[in-house]
Each structure stands twice: as C-alpha cells, then as structure tokens.
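heads up, no residue letters with this:
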C-alpha cells in the first residue's frame, strides 16, 4: 500500500534528462524540489546503521539559523542506539513510510506512517526500523533554549490520524492545522504542525514574521508566494524560509494541500 505522505526514493535521472528544474536559493528563501533528492546528495550519520539522510536545512549565518531538518531513510533492521551526538539537541520525528520502534528513556513505542514523536534534549533514545519494511522519517533538530523557572518538556508520541485538525478562524475549515504540541505550553521552543488547505483555500495575506520555517509538502500541490516570487510546489518539495520572508499560498486542487511545518516559538530573540 502506497503511503499518503510523499517519500523520496533517490536514484538518478537518465543522462537524456534536461537539467532545468525548480530548485532555487535566494537571500530570503530556498526551494528544494523532490527531483533533486537523489542518491549522490545523501549523507551517512554517526552511529546509524543501514541509514542515509537528505539534509534539507542546517543553520546558515545570515539565513535561517535555528534548526536542521533531514529526511532519514533506514533500511530494514537498521537504526541507531546512539542517534543524537549533541546533548543540547531536541528532536521531532515524523514518519512518512514504513514502521519502526522508538525507545525513549527505556520505553518502546511503535511508529507507523503518520507517527509523530518529540524527544527532549539530553534524553536517551534509540530507533530501530522494522525488519520487513524499513522506515523513512523527517528529523527536525533544534538546540533547546532552557528558561529558568520553566521545566523541560515531556516526551510525546502520537499520530496525525489521532489528532483533530484545528480550523483557522473565519475559514469554515478550509484552512486547518494539526498541532502536535500545545501552542500555549511554554516548555516548548519550537512547533511542528501539519497545515492542511482544501482545494481553493488560501493563506489570504502575506505572512511576515520572525519565525523561521521549514515546510515539506506531504500531499497535493499549490502556488506559493515567497518574498516577491510565485513558485509552484508539489508533494515532495521542501521550502526553507528565513525570518521575515513574506509568504502566502493558493491551492487549486484537485485534492488537499498538506505540509509539515517547523517554526521557532515562545522565546525572546537572542541579543
């Protein structure tokens, strides 16, 4: 059964294919289309077995600086007992295909398509892909910004299918957000959500804000306004936005447009 969430498979295009594509990197945003996620741009990761990763975002001075994001492909039976080498890094995982066992603090959790997990900074965890199917997931990493008087977050394991999307105000449910964490929970300094727009739905103004974004299109297609440009994006594409990049979108269908969204929240900007 094919996953409803787009998952890259790598490979290389034929020598006869034209070079023209939609990839672009500007001073305010980048678009990394699915067609450039090929075998030769993957990386191996320390202490991960039978695993490769597409690095979609990493902190860059003068661009987006708060997070890194990978698509991680783990072959059947692969994984890691020491997945994170930075004790300050928290992790958010979202599974797009396959299944795995995630161990957090000694407790095992079965992950399947649509599973989301949050692992607090400094907590021991492990990841083992199923032996029959393997697993592909998004991994967002951010150095946790501790605040005196606010405790660290607890681990979270849930699934997209188990969370009712929250309709955005005055949209009749055409625009909705699946929230994996409570936006009012000040323990969290980042938010990972899934945004859903039905055919014809729009973000009806140019959002211009301090939060950085990583947006991976899970399903559908849309026209996206990024700074001064309109770009077409579809399932499998990644958009990377620095702070204050104006943004909006229009969805034409025929099906829903859904994307996995990262943003930094709930903290004073560093001075």
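Yep, that arrived. What you are looking at is a predicted structure, and each value in this text was computed from that prediction instead of being measured.

Make sure I have this right: residue 157 is in a strand.
Yes - under the criterion used here (DSSP: H, G, I helix; E, B strand; the rest coil), residue 157 sits inside a strand.

pretty sure it is touching residue 117, no?
Yes - taking Cβ atoms under 8 Å as the contact criterion, residue 157 and residue 117 are neighbours in contact, 4.8 Å apart. Every residue, glycine included, has its C-beta placed from N, CA and C.

which residues are in contact with both of the two?
Here residue 157 and residue 117 share the contacting residues 102, 104, 109, 111, scored by Cβ atoms under 8 Å, 6 or more residues apart in numbering.

roughly how far apart are residue 210 and residue 269?
When Cβ to Cβ, to the nearest Å is applied, the distance between residue 210 and residue 269 equals 7 Å.

ok, these two, which is more surrounded?
Using other Cβ atoms under 10 Å, the more surrounded residue of residue 210 and residue 269 is residue 210, with 10 against 7.

you'd agree residue 84 is up against residue 125?
Yes - with contact taken as Cβ under 8 Å, residue 84 and residue 125 are classed as touching, separated by 7.2 Å.

which ones are touching the nearest residue to residue 168 once chain neighbours are set aside?
Distances taken as Cβ to Cβ, 6 or more residues apart in numbering put residue 175 closest to residue 168, at 4.3 Å, once the chain neighbours are dropped. If a contact means Cβ under 8 Å, 6+ apart, then residue 175 has 167, 168, 195, 196, 197, 198, 201, 202, 203 as its contacts.

so what's residue 49 closest to, chain neighbours aside?
Once flanking residues are discounted, residue 49 sits nearest to residue 78: 4.9 Å by Cβ to Cβ, 6+ apart.

Residue 223: which element?
With secondary structure defined by DSSP states H and E, residue 223 is part of strand 221-226.

can you list the residues that contact that strand?
Looking at strand 221-226 with Cβ under 8 Å, 6+ apart, the contacting residues turn out to be 26, 28-29, 31, 197, 206, 230-235, 239, 241, 245-252, 257.

Next, the angle from whatever helix or strand comes next after that strand to strand 221-226.
The element immediately downstream of strand 221-226 (helix or strand, assigned by DSSP H and E) is strand 229-234. In terms of direction (axes from the mean of the first three to the mean of the last three Cα atoms, to 10 degrees), strand 229-234 departs from strand 221-226 by 150 degrees.

which secondary structure elements does strand 229-234 contact?
strand 221-226 (3 or more Cβ pairs under 8 Å, 6 or more residues apart in numbering; DSSP states H and E).

buried ones in the strand it packs on?
Buried residues in strand 221-226, counted by 16 or more other Cβ atoms under 10 Å: 221, 222, 224, 225, 226.

Equivalent analysis for stretch 133-149, please.
When burial is assessed from 16+ other Cβ under 10 Å, stretch 133-149 yields the following buried residues: 134, 135, 136, 137, 138, 139, 140, 141, 142, 143, 144, 145.

repeat for stretch 21-37
Counting neighbours by 16+ other Cβ under 10 Å, one finds that the buried residues in stretch 21-37 are 28, 29, 30, 31, 32, 33, 34, 36, 37.

okay, and for the chain, where does confidence drop off?
In the predicted model of the chain, residues 1-2 satisfy pLDDT under 70.

Where do the helices of it begin and end?
In the chain, no segments count as helices under DSSP state H.

Let's see which of the contacts of residue 175 end up in strands.
167, 195, 196, 197, 202, 203 (DSSP state E).
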